[in-house]
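S.K.: What would the 3D arrangement of this be:
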Amino acid sequence: MALASSLERTIDKILDRTENDAITGLKESLESSKKTLDDSVPKLQQEYDKIINDGKKEAEKLEKQIVGSSDLEMRNKQIVLVEEAIERAFAKATDQIKNTKRDENYTQLITKLIEESTKILGTSEITVYSNSTDKEIIQKILPKFSGAQLAPESISCLGGIKVKSKNGAMTFDNTLNARLERMKPLIRKEIATQFGLGN
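M.R.: Residues are numbered from 1 along each chain as shown. Have a look, this model is predicted:
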């Protein structure tokens, strides 16, 4: 009987010690976990702040891309509109040139075109080409230019002349079509500048 009660006391002591050890272990684990969590809060806050900052930067970058894309799209539309306006203006000018009267003013223009062409080629020994409409005017003017002759064949153009040195080495296109084409970049630049599209 005494042995049984001694055994019970020993078992109770072991159980009490085990329970106390378990409770102490749990308390220590709880304290340790709490400390780890408290230590983690500033790091988590930093991570949170970093994520928010990165998100804001990405949003700003995306906004700039969208705005930049809109600006570029707007600029491209403006350029297309300017190009269309230039083409309409040149089409209108072409129609007006086609219907120009071949009067004294036009004769003076042809004379100036021949003078300019001989200066550019550096010789008056030239063959002059023109459309069929202007041949008669040019035949009247050419005697003023020694060494110049009218080509028998006609060229397709609105008006003006094309000259070739007699040896065929040099050619200068001074037709009204060519002069219009040479003016296009200058007019385009001027209009683009007016609309703030210049570089």
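
S.K.: So what's the residue count around Tyr106?
M.R.: Tyr106 is flanked by 15 other residues according to other Cβ atoms under 10 Å. Any C-beta I mention is one placed from the backbone N, CA and C, and that applies to glycine too.

S.K.: same check, this time on Asp173
M.R.: Asp173 has 18 nearby residues by other Cβ under 10 Å.

S.K.: So it sits against Ile155, correct?
M.R.: No. Judged on Cβ atoms under 8 Å, Asp173 makes no contact with Ile155 at a distance of 9.4 Å.

S.K.: Overlap in contacts, these two.
M.R.: Lys162 (Cβ atoms under 8 Å, 6 or more residues apart in numbering).

S.K.: which strands and helices sit next to the helix or strand where Gln139 lies?
M.R.: Element membership of Gln139 [criterion: DSSP states H and E] is helix 135-141. Applying 3 or more Cβ pairs under 8 Å, 6 or more residues apart in numbering; DSSP states H and E, one finds that helix 135-141 makes contact with helix 104-121, strand 148-150.

S.K.: Return the set of buried residues in that helix.
M.R.: Across helix 135-141, burial judged by 16 or more other Cβ atoms under 10 Å covers 135, 137-138, 141.

S.K.: Also stretch 127-134?
M.R.: If you call a residue buried by 16+ other Cβ under 10 Å, then stretch 127-134 has these buried ones: 127-131, 134.

S.K.: got the contact list for Thr118?
M.R.: Counting by Cβ under 8 Å, 6+ apart, Thr118 touches 124, 126, 145, 148, 163.

S.K.: What segments of the protein are helices?
M.R.: For the chain, the helices defined by DSSP state H occupy 2-98, 104-121, 135-141, 176-194.

S.K.: coming back round to it: include mean pLDDT and distance to Ala89 when you put the helices and strands packed on helix 135-141 into CSV, please.
M.R.: Listed next are the helices and strands packed on helix 135-141 as CSV, based on pLDDT from 0 to 100; distance: least, Cβ to Cβ, whole Å:
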stretch, mean pLDDT, distance to Ala89
helix 104-121, 92, 20
strand 148-150, 93, 33
